[in-house]
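**Student:** okay, sequence plus prediction incoming.
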Amino acid sequence: EFAAQPSQDDRLQYIHGKLSAGSSKTFSSLPHAIQMQMLLDRDAFGNVQVSRIETEKLLADMVADRLRVLKTQGRFKGKFSALCHFFGYEGRCAAPTNFDADYCYSLGYTAAALLNAGKSGYIASVRNLTRPAAEWQPGGIPLTAMMNIERRHGEDKPVIRKALVDLEGKPFQTFAAQRDRWALEEAYLYPGPIQYFGPSEVCDRVTKTLELEQS
């Protein structure tokens, strides 16, 4: 029924008719452009396409509206001009762990070293990741070594092969060995909150899948 509404304004009215009074008030408090973005088509799983909702502009507009109110009350005399930047998943993800930070820093440093050496056409890589960061092994992989030929739009194209789940790899094999039990039981592995200070075995832990891959 929602999709059958003839216009966006009609869709808005339809939505308000389905919401509780409190939810309708909250939805109405959003800028009109954000309301429209929330009514966009869903993805293949029926979820709102969050990455297409400009939340960064929503926050900037809400701050600007609040400052306009404060200015009329004589409580704000400055200027406000926001320049938004879209971070996508980076803006919605959890805080990075020590391992994440060390890994990204190492990749960036390696990329700079390759560039400084005039080595174009290489992908920065870091190996030995389950060891302490001081023992990691940076390097460069030729881009051509990662490519294979695939048929795209009727033509053979050199592309980097997608990294799909390896059904023969240890992470999946570990899952396969447990899935029948997990279908019936709750068996969560809870490592606790992210730690930044303390024993290395607590604050510098690698991911479980990487641990399995390199064990």
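**Tutor:** Yep, it's here. Numbering: from 1, shown residues only.

**Student:** with adjacent residues omitted, what lies nearest to Ala94?
**Tutor:** In this structure, Ala94 finds its nearest non-sequential neighbour in Ile194, 7.4 Å apart by C-beta to C-beta, 6 or more residues apart in numbering. C-beta coordinates here come from the backbone N, C-alpha and C atoms, glycine included.

**Student:** burial check on the one you found, number of neighbours?
**Tutor:** The tally of other residues near Ile194 (other C-beta atoms under 10 Å) stands at 14.

**Student:** domain map for the chain?
**Tutor:** With domains defined by automatic domain parsing, the chain comprises 8-92, 98-213.

**Student:** what mean pLDDT does the first one get?
**Tutor:** On average, the pLDDT along domain 8-92 is 86.

**Student:** figure out how far that domain is from the centre of its chain.
**Tutor:** 20 Å (C-alpha atoms, centre = their mean, to the nearest Å).

**Student:** quick one: the helices in this structure?
**Tutor:** 8-18, 21-29, 32-38, 55-72, 89-92, 98-116, 170-182, 200-203, 208-213 (DSSP state H).

**Student:** returning to what we had before: which residues touch the residue nearest to Ala94?
**Tutor:** Ala94, Ala95, Thr97 (C-beta atoms under 8 Å, 6 or more residues apart in numbering).

**Student:** distance check, the second one against Thr209.
**Tutor:** Yep, that's Ala95 we're talking about. Distance, Ala95 to Thr209, by C-beta to C-beta, to the nearest Å: 19 Å.

**Student:** quick one: which of those two has more around it?
**Tutor:** Neighbours were tallied for Ala95 and for Thr209 using other C-beta under 10 Å; the higher tally belongs to Thr209 (14 against 9).

**Student:** circling back: output the helices of the chain as JSON lines; include the columns distance to Lys79.
**Tutor:** Formatted as JSON lines, the helices of the chain follow (distance: least, C-beta to C-beta, whole Å):
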{"stretch": "helix 8-18", "distance to Lys79": "33"}
{"stretch": "helix 21-29", "distance to Lys79": "24"}
{"stretch": "helix 32-38", "distance to Lys79": "23"}
{"stretch": "helix 55-72", "distance to Lys79": "9"}
{"stretch": "helix 89-92", "distance to Lys79": "25"}
{"stretch": "helix 98-116", "distance to Lys79": "35"}
{"stretch": "helix 170-182", "distance to Lys79": "53"}
{"stretch": "helix 200-203", "distance to Lys79": "42"}
{"stretch": "helix 208-213", "distance to Lys79": "48"}
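
**Student:** in the chain, which residue is most central in space?
**Tutor:** In the chain, the residue lying closest to the centroid (C-alpha atoms, centre = their mean) is Tyr89, at 2.5 Å.

**Student:** grab the nearest non-local neighbour of that residue.
**Tutor:** Ser51 (7.6 Å).

**Student:** hmm, the one you found is touching Gly88, no?
**Tutor:** Yes - look at Ser51 against Gly88 with C-beta atoms under 8 Å: they come within range, at 5.6 Å.
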